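J.: would you be able to build a 3D model of this:
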Amino acid sequence: QVQLVESGGGLVQAGGSLMLSCAVSGRTFSSYTMGWFRQTPRKDRDLVATISYSGDNTHYADSVKGRFTISRDVAKNMVYLQMNSLKPEDTARYYCAVQELGSWNYWGRGTQVTVSS
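T.: This next block holds a predicted model:
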């Protein structure tokens with residue numbers, strides 16, 4: 001059974017930093033893109049960042065460009081999201097996901113990030 005487990009969320013002041021981690025277990029994906037999404041109670045789940053299997057290709061939402069960095073360790077089946085210069089509007093529950101055959105098929109349960117002003 002595939003499991004994705006996020007960690008690293010918490011409460012931080014505006015301008016601070018957090019690093020989120022996501023551990024994938026239960027299966028080794030031969031070639032897949034991983035991503036981070038976030039959701040607040042009043043909004044849909046939005047894409048934050050994606051990274052290709054090789055790590056050569058990354059994509060960021062405009063709202064986080066220059067502040068967030070996605071990375072991965074293929075050998076460890078881990079993906080990370082370094083978040084700097086956090087803003088109150090970054091407050092959300094953050095989810096990692098695996099894209100397989102064009103669909104985001106596997107999701108973690110999320111980790112809460114709260115940024116105080």
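J.: can you give me the strands for this protein?
T.: Taking DSSP state E to define them, one finds strands in the chain at 3-7, 10-13, 18-25, 33-39, 46-51, 58-60, 68-73, 78-83, 92-100, 103-107, 111-116.
J.: what would the ones you listed look like in TSV with mean neighbour count and mean pLDDT?
T.: The C-beta positions use only the backbone N, C-alpha and C, and glycine is treated the same way. As requested, these are arranged in TSV below (neighbours: other Cβ atoms under 10 Å; pLDDT from 0 to 100):
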stretch	mean neighbour count	mean pLDDT
strand 3-7	16	96
strand 10-13	13	98
strand 18-25	19	95
strand 33-39	22	96
strand 46-51	20	97
strand 58-60	16	98
strand 68-73	18	95
strand 78-83	22	96
strand 92-100	21	95
strand 103-107	15	93
strand 111-116	16	98
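J.: S117 versus the spatially most central residue of the chain, what's the distance?
T.: For the chain, the residue nearest the mean C-alpha position is W36 (2.6 Å; Cα atoms, centre = their mean). With distances taken as Cβ to Cβ, to the nearest Å, W36 is found 23 Å from S117.
J.: same question for Y94.
T.: To S117, Y94 is 19 Å away according to Cβ to Cβ.
J.: am I right that G108 is in contact with R93?
T.: No: applying Cβ atoms under 8 Å as the test, G108 and R93 come out as separate, 10.2 Å apart.
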